[in-house]
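Quick check, what structure comes out for this input:
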Amino acid sequence: MITPSEKFLALNDFMELENALANLVEQIREQEYQREKIAGALKRLKAVPTNSLELPAGEIVDDKLFKAVARDELQNLSAIGVDSSIITKQFHGLDLMIVRPIAVRFSYEHGCLFDAEYFPSEMPSPKLIPFLDPMDAYELEVTTNAERQLAELKIAYQTLCNGGADLLLLDGSILPQYVDRLSFNIKFFDIYRKLLDAFSSLYQACEERVTLLAGVIKDSRSKRLIDLLGRKILPEISSSNFLSSDDLAVISKNLDILERSKDVVFLNHILNVGERSFAFKYSDSLTSSPTLKEIEALSSKIFAFYIKTAPFDYPFRVEFIDFADNPQKTADRVASLIYALSSHHDAFGLPSVLIEADTCARLNEEDLDIVQDSIMDRLGPSMIMDLRRDRRPF
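Take a look at the predicted model:
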C-alpha cells in the first residue's frame, strides 16, 4: 500500500518532470524562432550571384547560394540504389554479424517506371560474418560498420558492371568511413585496405561507364555548410549592399543560433520544396579530412549540397563526384535526377530506388536468432552462451 508520504514524493517527482518538459519546450520554441528570423533575412540572398561576392575559389561552385531544381523527366533512364542491413550479437568468446546488402535498378521510360531488377535477388539470404578474436565494444562497432560498407560497395560494383546505369546512389557517404579509426590499428588493416580498394574500383567503374555517383545522407549531422556561411559568406554579405541594415541587425543578433545549428535543421527554414543549396567542396583541405588523404587524386572532385524534395520532410545531404570537371553542371544534373526520384511522398522525400533497397535489405532479430539456434544445435547450448544481460532468468 502506498503511504501518503510516498504519494507526496511521487507527485514531486512528477512535477519536476513536468517543469523540465516545459522548460525544454520553451527552449526549442525560442531556438526555432531565432532560426526563422535569421533564415528570413538570408532568404533574400537567393537571387544574389556568388560571383558578386569575394568567396574562396573552388570552395563554393554554384552561381547562386540557393537555387531551384529542374525536375528531370526520367526519359529512358536507369538508376541503381544500394543499401544494406546488419544485426550483431555478442556472446562469451564469440561475436556474430549478419549483413544483407542489396542493389535495386529502376528503369524509366517516358517518366514512368517500367522495370525493376534486384541484385543478387529480391530477398537474398543474409551473409554470416563471425568474429572469433576477442574485441571490445568499440572495435566491434568499427569492424561491423566497415564490413557493412564493404558489402554495399561489392554489390554496387557488381550491379554496375552487369548492365550499367545513368545514376548510382549509395545510402550514405561516397567516401570511406571510419578511416581515422581503421588506419591506426593493426587489427583493422586488412578490412581497411579492402575498403579502400573497393571504393577505388567503384570510382573507376563509374568514370569508365559515365555513371553519376552520389551518396544520400539521410540524417546528416554535418555543420560544413553552416561553417561556410559563418566564416566565408556572411562576412562578405555584411560588407555589401545585398541586405538592408535591418536584415544585417537580425543576422548579427541571432548569429549564435546559426553556430549552434546543424546544416539540415537550419536549411529547413530556408529551402522550399524543389530547391537546393549551393554545392561546396567536401573539405577545404586534406589535413582537415583523413578520409580525403586516402583518395588524394580525387579529393578535389568531391562535392556536396543539400536538397529539399518534400514539404513535410527535412532537406538531406547529397555527396557526388565530379568526373566531368564541371561541378556546377554535375550538381544540377544529380539534383534534377534525385528530385524526380524523391517526389512521391509529402513526408518522406528520399529517392524511391533507395527506399526499395532499404525495404528489401531490412533484417530483424529473428534472422540472427535462427543462425544462433543452428550453431547451438550443432555445438550444444553450453558451448556458446549469451551475455548475462541477454539471459536474465527473471
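
Give me the residue ranges of this structure where confidence is low.
The chain contains residues with pLDDT under 70 at 1-11, 178-185, 285-294, 296, 380-394.

so what are the domain limits for it?
By the assignment in automatic domain parsing, the chain contains the domains 37-70+218-325+337-341, 77-214+352-390.

which stretch among the ones you listed comes nearest Ile28?
Taking CB to CB, domain 37-70+218-325+337-341 is the member of those nearest to Ile28, at 11.0 Å. C-beta: built from backbone N, CA, C; applies to glycine.

What's the end-to-end length of that closest one?
With CA to CA, to the nearest Å as the measure, domain 37-70+218-325+337-341 spans 32 Å from end to end.

Quick check: the residue nearest the centre of the chain vs Ile270, distance?
Nearest to the geometric centre of the chain sits Ile217, at 1.7 Å (CA atoms, centre = their mean). For Ile217, the distance to Ile270 (CB to CB, to the nearest Å) stands at 18 Å.

Ok, Ser343 next?
19 Å.

which one of the two has more residues nearby?
Remark: of Ser343 and Ile270, Ile270 carries more neighbours, 22 against 16, as counted by other CB atoms under 10 Å.

tell me the contacts of the more buried one?
Ile270 makes contact with 39, 42-43, 66, 277 under the criterion CB atoms under 8 Å, 6 or more residues apart in numbering.

go again using 10 Å as the cut-off
Taking CB atoms under 10 Å, 6 or more residues apart in numbering, we find Ile270 in contact with 35-36, 38-40, 42-43, 45-46, 65-66, 277, 306, 308, 315.

Wait, a strand at it?
No: counting by DSSP: H, G, I helix; E, B strand; the rest coil, Ile270 is not part of a strand but coil.

From Ala70, how far out is it?
Distance of Ile270 to Ala70, computed by CB to CB: 19 Å.

Which parts of this structure are strands?
Using DSSP state E, the strands of the chain run over residues 66-68, 77-91, 94-109, 112-119, 127-131, 167-171, 212-217, 275-277, 280-281, 302-308, 316-321.

I'd like those as JSON lines, with distance to Ile370 appended.
Converted to JSON lines, the strands of the chain look like this (distance: least, CB to CB, whole Å):
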{"stretch": "strand 66-68", "distance to Ile370": "50"}
{"stretch": "strand 77-91", "distance to Ile370": "11"}
{"stretch": "strand 94-109", "distance to Ile370": "9"}
{"stretch": "strand 112-119", "distance to Ile370": "22"}
{"stretch": "strand 127-131", "distance to Ile370": "11"}
{"stretch": "strand 167-171", "distance to Ile370": "25"}
{"stretch": "strand 212-217", "distance to Ile370": "31"}
{"stretch": "strand 275-277", "distance to Ile370": "44"}
{"stretch": "strand 280-281", "distance to Ile370": "46"}
{"stretch": "strand 302-308", "distance to Ile370": "40"}
{"stretch": "strand 316-321", "distance to Ile370": "34"}
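
that older thread, who wins for proximity to Asp13 among the domains of the chain?
Once the domains of the chain are compared by CB to CB, domain 77-214+352-390 is nearest, at 26.8 Å.

By neighbour count, which bits of stretch 343-360 are buried? Give me those.
Using 16 or more other CB atoms under 10 Å as the test for burial, stretch 343-360 gives 343, 349-358, 360.

Just flag the most distant two among these.
Largest separation among the buried residues of stretch 343-360 by CB to CB: Ser343 and Cys360, giving 21.5 Å.

Ala361: what's it in contact with?
Contacts of Ala361 (CB under 10 Å, 6+ apart): 82-86, 99-104, 123-124, 126, 151-152, 155, 171.

ok, now how distant is it from Ile38?
Using CB to CB, we find Ala361 at a distance of 39 Å from Ile38.

same check, this time on Lys218
Using CB to CB, Lys218 is found at 25 Å from Ile38.

And for Glu366?
Going from Glu366 to Ile38 by CB to CB gives 48 Å.

What segments of the stretch 201-350 of the chain are helices?
Secondary structure of the stretch 201-350 of the chain by DSSP state H, counting those that start in this stretch: the helices cover 224-228, 234-238, 245-253, 255-259, 263-267, 290-293, 327-341.

What residues of the fourth one count as buried?
Spelled out, it's helix 255-259. Applying 16+ other CB under 10 Å to helix 255-259 flags 257-258 as buried.

Kindly report the same for the second one.
When neighbours are counted by 16+ other CB under 10 Å, the buried residues of helix 234-238 are found to be 234, 237.

For that helix, C-alpha coordinates in PDB please.
Extracted C-alpha coordinates of helix 234-238, given in PDB (Å, rounded to 0.1, in the frame of the first residue of the first chain):
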ATOM      1  CA  LEU A 234      28.300  36.300 -44.100                       C
ATOM      2  CA  PRO A 235      31.400  38.500 -43.700                       C
ATOM      3  CA  GLU A 236      31.100  39.200 -47.400                       C
ATOM      4  CA  ILE A 237      27.400  39.900 -47.200                       C
ATOM      5  CA  SER A 238      27.900  42.200 -44.200                       C
END
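
All further residue positions should be reported with the first residue as 52.
Happy to do that; since the first residue is 52 now, the last one works out to helix 285-289.

In contact with the residue nearest to Phe374 when sequence neighbours are not counted, which residues?
Computed as CB to CB, 6 or more residues apart in numbering, the closest residue to Phe374 that is not its neighbour in sequence is Glu258, at 4.7 Å. By CB under 10 Å, 6+ apart, the contact list for Glu258 reads 264, 349, 352, 372, 374-375.

which two in those residues are spaced the farthest apart?
Greatest spacing in the contacts of Glu258, by CB to CB: Leu349 and Ala375 (13.1 Å).

Thank you kindly, that will do.
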